[in-house]
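Asker: no FASTA, just this:
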Ligand SMILES: Nc1ncnc2c1ncn2[C@@H]1O[C@H](COP(=O)(O)OP(=O)(O)OP(=O)(O)O)[C@@H](O)[C@H]1O
Ligand SMILES: Nc1ccn([C@H]2C[C@H](O)[C@@H](COP(=O)(O)O)O2)c(=O)n1
């Protein structure tokens, strides 16, 4: 893999030149926002795999499914009529023609999504979908930044560059609290804890995203601001591309 990054003619890269970047990490580490910025700078597509689990959760609830009914949720996963735009500056997601970009970020979805994401039949289906999407996006745009919890280890263990994006629990809680409640005072932090710490505890029963697997580079953003985090990831990508 010999991709020239920051190449304005990204979409004309040959298969050998395409760059696939896999990024995992815990909730609030900055995966989505940093990955979108990195994909934008690299002029490649973006895949938010968490949005896929969220969309499935939304669809199951919309249809009145009991999320603890593993078989019914697995069938829903296979049938999910999902369409995603992979433009990092305008990611969009529809289910059966309904735009769900905002709905899938609601607290009710954040609190329910782990029940779906820990369903092993759903994970097997999502893995296949995500592998296909990574190939399609890379072909269409010259590369892809795909982020989630198991991209570096299960979905794309052969990615050109694999990164674990992490941050201390305090930093992650404060970031999410400011985003959701506009503040990181004590009561806001407490209200955010369920969505960050408790969700990670549930999700970590099926994926390993707290310790980097062999060959995965850890980028700790606890003491970095947003732009520094983007630059740190780009540095790893550039080093990985040169080494590859
Ligand atoms: N290095 C950083 N410094 C400060 N804020 C950051 C940094 N990185 C991300 N953020 C902010 O933290 C919040 C959480 O980031 P983001 O949604 O990208 O995290 P995530 O890892 O994708 O979380 P989740 O997995 O729960 O969706 C956002 O408001 C984002 O702008
Ligand atoms: N590859 C992935 C991506 C996401 N999940 C789970 C973890 C979360 O509970 C949920 C939503 O993810 P988020 O949008 O918060 O990043 O999906 C997973 O298990 N594997």
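Answerer: Received, thanks. The shown structure was predicted, so the numbers you read here are calculated from the model rather than taken from an experiment. Ligands and ions are numbered 1, 2, ... in the order given.

Asker: in the helix or strand encompassing residue 175, what's buried?
Answerer: Following DSSP states H and E, one finds residue 175 within helix 169-181. Neighbour-count burial for helix 169-181 flags 171, 172, 173, 174, 175, 176, 177, 180 (criterion: 16 or more other C-beta atoms under 10 Å). Heads up, the C-betas are built off the backbone N, CA and C, glycines and all.

Asker: got it, and stretch 153-165?
Answerer: Neighbour counts using 16+ other C-beta under 10 Å place 153, 154, 155, 156, 159, 160, 161, 162, 163, 164, 165 of stretch 153-165 among the buried residues.

Asker: repeat for stretch 140-154
Answerer: For stretch 140-154, the neighbour count (16+ other C-beta under 10 Å) marks 141-154 as buried.

Asker: quick one on the thing from earlier: now check the helix holding residue 175, is it near ligand 1?
Answerer: Yes: interface with ligand 1: helix 169-181 contributes 175, 176, 179 (C-beta under 6 Å from any ligand atom).

Asker: what about the closest residue to ligand 1 within the chain, neighbour count?
Answerer: Proximity of the chain to ligand 1 (C-beta to the nearest ligand atom) peaks at residue 30, 2.8 Å away. Residues within reach of residue 30, counting by other C-beta atoms under 10 Å, total 24.

Asker: who touches it in this structure?
Answerer: Residue 30 makes contact with 165, 167, 175, 221, 226, 229, according to C-beta atoms under 8 Å, 6 or more residues apart in numbering.
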